[in-house]
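Colleague: Take this sequence and fold it.
(one chain, ligands or ions: 2)
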Amino acid sequence: MKIHEYQAKNILKKYGLPVPNGIVTEKPEDAAAIWDKLAQNVVVVKAQIHAGGRGKGGGVKLAKSKEETIEHAKAILGMNLKTHQTGPEGQLVKTILIEEGNLIEKEYYVGITLDRRISKPVFMVSTEGGMDIEEVAAKTPEKIVKEIIEPGLGLQNWQAIRLAFALGFEGDMVKQCVKILHGLWKVYDGEDCSLIEVNPLIATKDQKVIPLDCKINFDDNASYRHPDQAELRDIAEEDPLEVEASKFNLNYVRLDGEVGCMVNGAGLAMGTMDIIKYAGSEPANFLDVGGGANVETVTNGFKIILSDPNVKGIFVNIFGGIVRCDRIANGIIEAAKNVEITVPLVVRLAGTNAEEARDILVKSGLKLEVATGLKDGAEKIVAAIRK
Ligand code: GDP
Ligand code: MN
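Modeller: Ligands and ions are numbered 1, 2, ... in the order given. Prediction:
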């Protein structure tokens with residue numbers, strides 16, 4: 001689950017990190033009072049959306065007077081902010097954070113995430129802060145310094161010191177940085193995060209080290225341990241189809257291809273996406289209808305898939321292990337009565353009672369093609385779309 005910058009900063013504050021003072025609002029008319037309350041010479045008006053790259057898109061602006069603060073608040077609230085992470089459709093800004101401004105000497109990058117290859121968290125820092133870290137990783141990977149964290153031990157002091165030195169800090173700023181790194185690790189560990197990014201961490205002109213931006217993603221698998229995190233969710237920031245699918249308990253992730261996929265089991269769903277690419281097309285989604293697929297899940301699956309205007313065909317790929325294929329076949333026929341399937345449909349059923357299921361489908365009179373295998377299915381749906 002993703003959260004907003006101001007929510008992430010509240011968490012950092014709770015863990016004792018030195019974040020800038022700021023006030024959140026949804027109303028431009030609050031801007032003047034916030035300027036007075038912060039009592040600074042410079043403030044920053046920051047769009048709160050779940051995507052990064054807001055600065056470049058015009059969603060982060062410095063203001064040196066009350067008038068300017070009001071002006072930026074008016075401009076940013078309600079704007080459709082486009083960044084490299086929102087995609088071309090952009091994201092509506094409903095909330096802004098107005099924060100005390102800082103005089104920046106230098107910007108750094110700090111992040112913690114899980115390295116799945118080694119199954120351990122990895123701490124990353126770079127002197128190339130404020131920039132797109134993916135670009136730094138691609139062009140100058142040597143500028144990212146890493147420390148692997150032993151999950152049972154946590155961030156060790158020598159590791160924090162090594163990272164602070166890698167950023168080039170000296171004297172008291174090493175101490176400030178080390179304290180922040182330890183704090184970030186406590187947040188990552190304590191809140192069961194899957195990602196923390198502070199980009200930029202800054203050194204100010206008066207030698208203070210401050211996290212100026214913060215992005216936190218929580219690991220949803222651990223949400224049962226953090227009931228309080230649920231109220232930080234902002235559904236308006238999420239893909240409406242994914243929200244709808246989660247209501248039906250469907251594991252759905254929207255992608256940008258044209259072949260809608262309905263599959264049982266995450267592994268088979270991944271394999272299905274691969275084989276669609278292999279057959280020359282792109283999957284429109286990942287959809288795992290789960291082990292106990294029935295009429296209801298199949299119907300809901302079709303509804304969700306067909307709500308995506310990019311879908312030009314549907315490939316149903318079900319393995320009858322826990323569930324029998326004939327039941328799925330009848331499920332598809334029932335579902336087709338509830339949802340009008342407006343695009344070509346290819347069904348591949350394998351496993352228990354697969355033959356029987358194929359007969360049921362062929363005799364149903366439904367407009368669909370039955371595939372004999374994974375590859376055959378993928379080729380059939382791609383050919384049907386191309387027709
Ligand atoms: P992002 O573009 O979504 O990552 O948003 P950030 O919060 O990282 O802000 C973008 C950029 O705005 C930063 O990299 C800074 O260069 C600049 N910025 C943000 N806050 C301040 C501030 O208090 N003072 C100054 N001078 N610049 C700031
Ligand atoms: Mn940033």
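Colleague: Closest approach to ligand 2 from the protein, which residue is it?
Modeller: Closest approach between the chain and ligand 2, counting by Cβ to the ion: Asp213, at 3.5 Å. Placement of C-beta: from N, CA and C, glycine included.
Colleague: Averaged pLDDT, stretch 343-361. What do you get?
Modeller: Averaging pLDDT along stretch 343-361 gives 94.
Colleague: Now do it: everything it contacts.
Modeller: 260, 306, 311-321, 323-326, 328-330, 332-333, 366-374, 376-377, 380-381, 384-385, 387 (Cβ atoms under 8 Å, 6 or more residues apart in numbering).
Colleague: Count the residues that sit near the residue of the stretch 151-300 of the chain at minimum distance from ligand 1.
Modeller: In the stretch 151-300 of the chain, no residue comes nearer to ligand 1 than Asp213, which is 3.2 Å away by Cβ to the nearest ligand atom. Counted with other Cβ atoms under 10 Å, the neighbours of Asp213 add up to 22.
Colleague: Can you name the residues that contact it?
Modeller: Contacts of Asp213 (Cβ under 8 Å, 6+ apart): Glu5, Glu197, Val198, Asn199, Pro200.
Colleague: give me that answer again for 10 Å
Modeller: Applying Cβ atoms under 10 Å, 6 or more residues apart in numbering to Asp213 gives the contacts 5, 8-9, 19, 46, 52, 54-55, 60, 107, 129-130, 197-202.
Colleague: Which members of those occur in strands, if any?
Modeller: Using DSSP state E, Lys46, Val60, Glu107, Glu197, Val198, Asn199, Pro200, Leu201, Ile202 are the members of the contacts of Asp213 that sit in strands.
Colleague: what bridges to the last one?
Modeller: Spelled out, that is Ile202. Ile202 has these beta-bridge partners by DSSP bridges: Glu107, Ile210.
Colleague: Excluding chain neighbours, what is closest to Thr83?
Modeller: Excluding its sequence neighbours, the residue lying closest to Thr83 (Cβ to Cβ, 6 or more residues apart in numbering) is Gly53, at 3.5 Å.
Colleague: Leu97 is in contact with Gly22, isn't it?
Modeller: Yes: between Leu97 and Gly22 there is a contact under Cβ atoms under 10 Å: 5.0 Å.
Colleague: quick one: common contacting residues for those two?
Modeller: By Cβ under 10 Å, 6+ apart, Leu97 and Gly22 have these common neighbours: Glu5, Tyr6, Lys9, Ile34, Val44, Lys46.
Colleague: Could you pick out which of the residues you listed are located in helices?
Modeller: Among the shared contacts of Leu97 and Gly22, the members falling in helices are Glu5, Tyr6, Lys9, Ile34 (criterion: DSSP state H).
Colleague: Contact residues of the stretch 201-350 of the chain facing ligand 1?
Modeller: Proximity of the stretch 201-350 of the chain to ligand 1 is confined to Leu212, Asp213 under the rule Cβ under 6 Å from any ligand atom.
Colleague: tell me the contacts of the nearest residue to Glu26 once chain neighbours are set aside?
Modeller: In this structure, Glu26 finds its nearest non-sequential neighbour in Thr95, 5.3 Å apart by Cβ to Cβ, 6+ apart. By Cβ under 10 Å, 6+ apart, Thr95 lies in contact with 4-6, 24-27, 46-49, 76-77, 234, 236.
Colleague: likewise Gly365?
Modeller: Neighbouring residues of Gly365 by Cβ under 10 Å, 6+ apart: Ile333.
Colleague: Are we agreed that it is in a strand?
Modeller: No: looking at Gly365 with DSSP: H, G, I helix; E, B strand; the rest coil, it is coil, so not inside a strand.
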